[in-house]
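Undergrad: here is my input; please provide its structure:
(chains A and B)
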Amino acid sequence: MKELVVISGKGGTGKTSVVASFASLAEKGVVVDCDVDAADLHLVLQPQIVRREDFTAGSKARIKPGHCTACGKCEELCRFDAVYFDGPGNGKVPKTFRVDTIACEGCGVCFDFCAEKAIDFEPAVCGQWFVSQTRCGPMVHARLGVAAENSGKLVTQLRRTAQEVAAQQKRELILCDGSPGIGCPVIASLTGASLALFVVEPTASGQHDFMRVAQLTMQLGVPGILAVNKADLNEEVTRKLEELARQRGISVVGRIPYDRAVTQAQIARKTVVEASDGPAAQAIRSLWAKTQERLHLSLPAAVGGLVQLAAQE
Amino acid sequence: MKIAIASGKGGTGKTTVATSLAWVAAADDRTVAYLDCDVEEPNGHLFLKPQILREEPINKPIPVVDQGRCTYCGLCSQACRYGAIACVGQQTLIFTELCHACGGCSLVCPENAIREVPKPIGHLRTGASGPVQFVEGVLNVGEAMSPPAIRAVKGAAPNVELTILDCPPGTSCPVIESVRGCDLLLLVTEPTPFGLHDLKLAVEMARALRLRFGVVVNRADVGDREVWDYCRRQRIAILAEIPDDRAVAEAYSRGEMAAESVPHVAERIRGLLETIQSGARV
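TA: Residues are numbered from 1 along each chain as shown, chains lettered A, B, ... in the order given. All right, here's what the predicted structure looks like:
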């Protein structure tokens, strides 16, 4: 089983449009939306949910106002600025302490050291994840609660579920839509994957961010291939990107021209290759053919401990 | 006044708006600071081209065990909710990349065998771009956790009339850390299904944090009208619209600041600044 992760460093370079098109071109794939922070793939693939699970990770502290003596120990020990002295009074003290659950990182220090046992520390539901059916095959995706943490753990959960689905349905390829950046969810998406496809735009920012995420894939030992999106926006930067990629052992597998059909497809809730046969759609078809060649040469996806370790926040 | 610029979706124009806003406000004789809180992929420097005057490491305190004192009682690994410290036989192991630097392990250790030492996770760079004061954090590649670096950037903010915080994409911990405590949140979106969907998530976040916020629509003529319908239904103020223009995209590709290279963008950004300062109802 092979796992392809589409990644970019910078956001908004066209990762999701490429993944959606690949999903409709792949015959035996499972698609995963690992961009749990701002998941958009479902808008195009319109999944029918067949399995729905709560995602629970970590706990959050909550002070019971009736038990708080306002000693201030929790505020003193909290490293995350999550304790405020503005809770309701309780007859013994006029004001109590309160935990801002959004700022709370779930370390449990306040809970462990509260002399009055006035703090609850309960597992928090941070979101939901789903296994769905789409016109392009099975899809694994999630909705992370607003302001929730543990996005890396959720990504790991999604990838593991996708591997199970792929094994059950005898599907050979997992297609992951990655998130921007180089932090926790990106590391969790890449660790143990077979191949990373960088979708980069030819801009100063695109180049800067590509260099950083390319360094990350190298550290993680994941081979990469590059496609430049909106390549005609700046030919000079496009050539530079391709040169920088080759210097790092990253093969250049395609250029996608700027094409309004990409936005039109999104509005029609279709993949680019379903909606159009224009320049971008043709470039994506050729990119898919080249990506498949590279996937044949890559290693199978790793499972288990490695992924889990990297994904914990 | 502290204005944070966020978006939900990546690539909608946060950095374009943030750098241009800083530049326009400074040209208007205000003292301005630009803070790049997108420490995973900081791009503001490409456009503001600041002169960096100071560079220092950003550290995270991580535990170190004095093996001479450690009795392998295991209390530290029980206390750690992140699995960052483990007692295995006659050894206490620390996984620094999992550590959240909460200090719990050193507090619970009955032998005082754990002390915290600083571990560099990135760099803090401060300087100036003409009249704009500049601060950015750069997270080391391979570091998973950006919030401590974002805290360092915010901690280095100079005392000025207008502080612009350029935030990372998404709606989870790095964004929350960046926007916390701002006076106004600008959500930059584009009028496409993806832009709108992620705008809704960002609005939910802003409401959960009880922040004042308004919307900036970038590439205003590329997609459909759903963003406007949504904002009207939700009574969300659209504070500026920036039209789609290949000249803007090309200037951006070369690392030029939109407000400097494209006059009509400067005009829109000036309008945005005036709207904000007139205390628009948001």
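Undergrad: now do the SS call for residue B:201.
TA: helix (DSSP: H, G, I helix; E, B strand; the rest coil).
Undergrad: tell me the spacing between it and chain A.
TA: 6 Å (C-beta to the nearest C-beta, to the nearest Å). C-beta: built from backbone N, CA, C; applies to glycine.
Undergrad: ok, that residue touching residue B:169?
TA: No: counting by C-beta atoms under 8 Å, residue B:169 is not a contact partner of residue B:201; they are 10.7 Å apart.
Undergrad: which neighbours do the two share?
TA: Both residue B:201 and residue B:169 are in contact with A:38, B:8, where contact means C-beta atoms under 8 Å, 6 or more residues apart in numbering or on different chains.
Undergrad: looking at these two, which one has more neighbours?
TA: Between residue B:201 and residue B:169, residue B:169 has the larger neighbour count (other C-beta atoms under 10 Å in any protein chain shown), namely 28 against 22.
Undergrad: what about the helices in the stretch 151-282 of chain B?
TA: B:173-179, B:193-208, B:226-233, B:246-253, B:258-261, B:263-277 (DSSP state H, counting those that start in this stretch).
Undergrad: any part of the last one near chain A?
TA: No: against chain A, helix B:263-277 shows no contacts by C-beta under 8 Å from any C-beta of the partner chain, the least distance being 15.8 Å.
Undergrad: ranking the helices of the stretch 151-282 of chain B by burial, who's on top?
TA: Burial of the helices of the stretch 151-282 of chain B is given as mean neighbour count (mean count of other C-beta atoms under 10 Å in any protein chain shown); helix B:173-179 ranks first at a mean of 25.
Undergrad: now do that one: which elements does it pack against?
TA: When contacts are defined as 3 or more C-beta pairs under 8 Å, 6 or more residues apart in numbering or on different chains; DSSP states H and E, helix B:173-179 sits against strand B:2-6, helix B:147-155, helix B:193-208.
Undergrad: okay, the angle between the first one and helix B:263-277?
TA: Here strand B:2-6 runs at an angle of 130 degrees relative to helix B:263-277 (axes from the mean of the first three to the mean of the last three C-alpha atoms, to 10 degrees).
Undergrad: what's whichever helix or strand comes after strand B:2-6 in contact with?
TA: Remark: after strand B:2-6, the chain's next helix or strand is helix B:14-27, criterion DSSP states H and E. Helix B:14-27 has contacts (C-beta under 8 Å, 6+ apart) with A:205, B:3, B:5-7, B:32-34, B:38, B:43-44, B:47-48, B:130-132, B:162, B:164-167, B:169, B:186, B:188, B:216, B:218, B:242, B:248, B:252, B:257-260, B:265-266, B:269-270, B:272-273.
Undergrad: in chain A, which spans are helices?
TA: According to DSSP state H, chain A carries its helices in the segments A:15-25, A:41-45, A:73-77, A:109-113, A:151-168, A:184-190, A:204-220, A:235-247, A:261-267, A:272-275, A:279-297, A:305-311.
Undergrad: please report how far residue B:93 lies from residue B:107.
TA: Look at residue B:93 and residue B:107: by C-beta to C-beta, to the nearest Å, they are 19 Å apart.
Undergrad: could you check which of the two is surrounded by more residues?
TA: residue B:107 (14 against 11).
Undergrad: show me where pLDDT drops low in chain B?
TA: B:280-282 (pLDDT under 70).
Undergrad: can you list the domains in it?
TA: Residue ranges for the domains of chain B, per automatic domain parsing: B:2-58+B:122-277, B:59-120.
Undergrad: quick check: residues of the stretch 151-282 of chain B near chain A?
TA: So the stretch 151-282 of chain B meets chain A at B:168-174, B:176, B:180, B:192-194, B:197-198, B:201, B:204-205, B:208-209, B:222-224, B:249-250, B:252-255 (C-beta under 8 Å from any C-beta).
Undergrad: switch to 6 Å and redo it
TA: Within the stretch 151-282 of chain B, the positions lying close to chain A (C-beta under 6 Å from any C-beta of the partner chain) are B:169-173, B:176, B:192-194, B:197-198, B:204-205, B:208, B:222-224, B:249, B:252-253, B:255.
Undergrad: and residue A:220, which of the helices of the stretch 151-282 of chain B is closest to it?
TA: Ranking the helices of the stretch 151-282 of chain B by their distance to residue A:220 (criterion: C-beta to C-beta) puts helix B:173-179 first, at 19.9 Å.
Undergrad: for the residue in chain A that chain B sits nearest to, which residues are in contact?
TA: Chain B sits closest to residue A:11 of chain A, with a gap of 1.1 Å, by C-beta to the nearest C-beta. Shown in contact with residue A:11 (C-beta atoms under 6 Å, 6 or more residues apart in numbering or on different chains): A:180, B:10, B:11, B:169.
Undergrad: now the first one: closest residue in space that isn't a chain neighbour?
TA: When the adjacent residues along the chain are set aside, residue A:180 lies closest to residue A:11, with 3.5 Å between them (C-beta to C-beta, 6 or more residues apart in numbering or on different chains).
Undergrad: check the gap between the one you found and residue B:194 for me.
TA: Counting by C-beta to C-beta, the gap from residue A:11 to residue B:194 is 11 Å.
Undergrad: what's around the nearest residue to residue A:101 once chain neighbours are set aside, how many residues?
TA: The shortest distance from residue A:101 to any non-neighbouring residue, by C-beta to C-beta, 6+ apart, is to residue A:60 (4.9 Å). Neighbour count for residue A:60, taken as other C-beta under 10 Å: 21.
Undergrad: equivalent analysis for the one 3 residues further on, please.
TA: A count of neighbours around residue A:63, defined by other C-beta under 10 Å, yields 22.
Undergrad: who's in contact with it?
TA: Contacts of residue A:63 (C-beta under 6 Å, 6+ apart): A:97, A:98, A:99, A:118, A:119.
Undergrad: apply 8 Å and report the result again.
TA: A:74, A:87, A:96, A:97, A:98, A:99, A:110, A:118, A:119, A:120.
Undergrad: nearest residue to the first one in space, please, no chain neighbours.
TA: It stands for residue A:74. residue A:110 is the one closest to residue A:74 (C-beta to C-beta, 6+ apart), at 3.8 Å.
Undergrad: can you check the pLDDT for that neighbour?
TA: pLDDT for residue A:110: 98.
Undergrad: so it sits against residue A:83, correct?
TA: Yes: look at residue A:110 against residue A:83 with C-beta under 8 Å: they come within range, at 6.7 Å.
Undergrad: and those two? which has more neighbours close in?
TA: Between residue A:110 and residue A:83, counted using other C-beta under 10 Å, residue A:110 has the larger neighbour count: 27 against 23.
Undergrad: may I have the phi/psi pair for residue B:245?
TA: Taking degrees, to the nearest 10, you get phi -160, psi 120 for the backbone angles of residue B:245.
Undergrad: who's in contact with the nearest residue to it once chain neighbours are set aside?
TA: Excluding the flanking residues, the one nearest residue B:245 by C-beta to C-beta, 6+ apart is residue B:262, at 6.7 Å. Residues counted as contacts of residue B:262 (C-beta under 8 Å, 6+ apart) are B:245, B:247, B:248, B:251.
Undergrad: and of those, the nearest to chain A?
TA: residue B:251 (9.8 Å).
Undergrad: just confirm the closest one contacts residue B:264, I think it does.
TA: No: between residue B:251 and residue B:264 there is no contact under C-beta under 8 Å: 11.8 Å.
Undergrad: got any residues that touch both of residue A:110 and residue A:83?
TA: By C-beta under 8 Å, 6+ apart, the residues touching both residue A:110 and residue A:83 are A:74, A:99.
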